[in-house]
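K.L.:
Any chance you can model this:
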Amino acid sequence: PRQLYLIDLWASWCAPCIKDRKEGKITYAWLNKNGIKIIGFSIDHSSKEWHKALKEYGYYNEFILIDSKESTFYKHINTNGIP
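P.N.:
Below is the predicted model:
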């Protein structure tokens, strides 16, 4: 069977991202219940701030990655911002 994934681009300093973390737990629970896996991709430059945000606002236990806007992945997905 096919697996669906949602790529969640975020950063600890992004106010809309944090708002989503606070309000999105029901949405993400529904996605998980319906077989949609979430890959969190942070563009934080500070692993300290990233870990702090995960601890305080984390809502999923799927893949969590940290990178920067300069990364090959970030450029490859053709986006220019978050969330």
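K.L.:
Assign the one residue sitting closest to the centre of the chain to helix, strand or coil.
P.N.:
When CA atoms, centre = their mean is applied to the chain, the residue found nearest the centroid is residue 40 (2.9 Å). What DSSP: H, G, I helix; E, B strand; the rest coil gives for residue 40 is strand.
K.L.:
So what pairs up with it in the strands?
P.N.:
residue 8, residue 64 (DSSP bridges).
K.L.:
Relative to residue 5, how far out is it?
P.N.:
11 Å (CB to CB, to the nearest Å). Placement of C-beta: from N, CA and C, glycine included.
K.L.:
mind listing the helices for the chain?
P.N.:
For the chain, the helices defined by DSSP state H occupy 15-23, 25-33, 47-57, 72-76.
K.L.:
Just the buried residues of the longest one, please?
P.N.:
So the one you mean is helix 47-57. 50, 53-54, 57 (16 or more other CB atoms under 10 Å).
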